[in-house]
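Engineer: sequence-free structure coming up:
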C-alpha cells in the first residue's frame, strides 16, 4: 500500500511539473502573440535565454519604438529583478528607487539605503545568490542612460558587477535598454574600459515597416485600405506607440486633427518631450533639424555647417547622434562613397511636425480637414513619399527581382560651373540611384498621387535630359533603367515608353 501511495505521489508530481511547464509555455505563447513582427529580435532574446553562459544583452532604438513592450512581453513581465531609470532624477533618488525595487524582489522587511552604486550592485549580487542555482536569473534595467547622471559612477559600478561577479557565472541574463542610442553605443557597445567586448548580444529595434504597420492595424480591427495606411506612415512613420493612439473608428484625417491640431492633442507637443528626453542642449539639435527640413533634396556636411552657427566638432557629434537615433539618414553621392555625403530628415513624425505644427498659431482644431488638399500638403506628401521609398529599399529591390544582386543606393546632383560656356547651363538631380553589380543602374522616380501617375511630354523630355546629363558627367557605361515608384502605377499613354520597370504601393507592403 505504501509503495502504491509513493508511486501515486511521484506520478502526481510529474503531472504537476508537466502542467506547470505547459501552462508557462501557453502563457508565453499567448503573450508573444501580441507582438507584431520582431521575429529576429525575439529569436536573439531566446538565444540569450537558452545560452549556457551569462549573457549581457542590450536593446536600443528610437524612443517610442517599442523596446520595453518587446522585452516585457517576451519575458511575460517575469523578472528576478527590474528597475527603470528616472528622467532627470538625481543620483540619490535613483538609488532610493533602486533600493525600493530590490526590497520588492528580495522580499526584504526593510528598504536598504545605498550611498553609491557599488553598494547597490553589491546588494543585488547578495540577493541573486539566494536564488536557486539551476534557475536562469533575468535582470532588466530600462532607460539605463537616465541612471548615468553626472559624477554618479554608475558605469564603473556596472562594470564591476558584470566583470567581478556575473561574467564568472553561467546563470545570469542581464538585459539593458535605453532610448538614448548614443549613450548605449558609446558607453556600452564601444566602451573602452571594463565593459569593452563584454556585450554578448546587441539588439537594435527599428521602426515598423509598412507590412508590420498594416499587421498591427489589422490586429486592432482596423479596416483601412493601403492608400490610407500609406498616408498614415507618411505622418507617423513606423513608430508603434503612435499607432496605438489612432482611433480606428475615425478616418486618418479625423485622427490627425485630434492628435496634432486639437488644443490637447497627444502628438502636438510630442516633439519637445521626445528631444528633451534624448538630448541635452536640444536647441543645437533642433537648429540642425530645422536646417535640414528647409532643403528637400538634403544637404552636405559643408552646407549644413554654413547654415548653422555651431562648432565643427559639436556639429559632428550632433549629426552622429541624430543619425543613430533614426532622425536623419546619410547616404553617398554616386561615384563617391565618402566625400559629399548627403544628410536628410528621415523621421516622419519630425518632418510632419516641422512642416505643419511648429509655430502653428491657428485656432482651427480641424485645420487638417480644411487643408489636406492644399498645395502645402501636396508638397509635403511628395517629399514624405520619397523618404518612405528610402525606408523600403529592400521591398523595392525585391519587386525589381534584384534582391540577390549586390547593390548600393545613392543620390546624384550636378551643379554647373559658372562662366564656362562649355558647361551645360542648368543642373540636374536624381534622388535615388540603385547601382547594381550586374552593370545596370535603376534611375528611380518616386511619385505620390491619388490616381495613376500620368507622364506628360515635358516631363518625359526632362527625364531623358536628366539621364543624358548623368551619363555625360559620370562617364558611366552601365545600362540606365528608368524605374517609377508610385502609389497606383503609371497610366498608359504616349509617354509611358520611357518607363522600364515599375514599383507600386502594394509592392512596398511586402
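Structural biologist: That came through fine. Bear in mind the structure is a predicted one, so any value in this text is a computation, not a measurement.

Engineer: contacts, neighbours, all on C-alpha from now
Structural biologist: Fine.

Engineer: low-confidence ranges in this protein?
Structural biologist: By pLDDT under 70, the low-scoring segments of the chain are 1-33, 418-425.

Engineer: ok, now with 50
Structural biologist: Within the chain, the segments meeting pLDDT under 50 span 1, 5, 7-11, 13-32.

Engineer: that one: strands as residue ranges?
Structural biologist: For the chain, the strands defined by DSSP state E cover 55-60, 81-84, 137-142, 172-178, 201-204, 299-300, 328-331, 342-345, 407-414, 428-436, 440-447, 479-486, 501-503.

Engineer: residue 381 is nearest to which of those?
Structural biologist: strand 440-447 (9.3 Å; Cα to Cα).

Engineer: neighbouring strands for that closest one, and are they parallel or not?
Structural biologist: When pairing is defined by DSSP bridges, strand 440-447 lines up against strand 428-436 (antiparallel), strand 479-486 (parallel).

Engineer: would you list these in CSV and tack on distance to residue 85 and mean neighbour count?
Structural biologist: Output for those, formatted as CSV (distance: least, Cα to Cα, whole Å; neighbours: other Cα atoms under 10 Å):
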stretch, distance to residue 85, mean neighbour count
strand 428-436, 41, 19
strand 479-486, 44, 21
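
Engineer: tell me, how many residues neighbour residue 223?
Structural biologist: Residue 223 is flanked by 13 other residues according to other Cα atoms under 10 Å.

Engineer: er, residue 477 actually
Structural biologist: So residue 477, with other Cα under 10 Å, has 11 neighbours.

Engineer: run a quick neighbour tally on residue 82.
Structural biologist: Using other Cα under 10 Å: residue 82 sits among 19 other residues.

Engineer: tell me the spacing between the residue lying closest to residue 90 once chain neighbours are set aside and residue 283.
Structural biologist: Counting by Cα to Cα, 6 or more residues apart in numbering, residue 149 is the residue found nearest to residue 90 once chain neighbours are left out, at 6.6 Å. Computed as Cα to Cα, to the nearest Å, the residue 149 to residue 283 distance reads 21 Å.

Engineer: between these two, which one's more packed in?
Structural biologist: The residue with more neighbours, out of residue 149 and residue 283, is residue 149; 16 against 12, by other Cα under 10 Å.

Engineer: need the contact list for the more buried one.
Structural biologist: 89-91 (Cα atoms under 8 Å, 6 or more residues apart in numbering).

Engineer: and it, its phi and psi?
Structural biologist: Dihedral pair for residue 149: phi -80, psi 160, per degrees, to the nearest 10.

Engineer: quick one, domains of this structure?
Structural biologist: Residue ranges for the domains of the chain, per automatic domain parsing: 1-26, 34-204, 215-389, 395-509.

Engineer: sorry, back to before: need the strands paired with strand 440-447 in JSON lines with distance to residue 164, can you?
Structural biologist: Shown next, in JSON lines, are the strands paired with strand 440-447 (distance: least, Cα to Cα, whole Å):
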{"stretch": "strand 428-436", "distance to residue 164": "49"}
{"stretch": "strand 479-486", "distance to residue 164": "55"}
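
Engineer: nearest to residue 307, out of those?
Structural biologist: Of those, nearest to residue 307 by Cα to Cα is strand 428-436, at 21.2 Å.

Engineer: can you give me the angle that closest one makes with strand 407-414?
Structural biologist: 160 degrees (axes from the mean of the first three to the mean of the last three Cα atoms, to 10 degrees).

Engineer: for the stretch 201-350 of the chain, which segments count as helices?
Structural biologist: Using DSSP state H, counting those that start in this stretch, the helices found in the stretch 201-350 of the chain span residues 210-219, 226-236, 240-244, 252-256, 270-278, 282-293, 301-307, 312-324, 348-352.

Engineer: brilliant, that's me finished.
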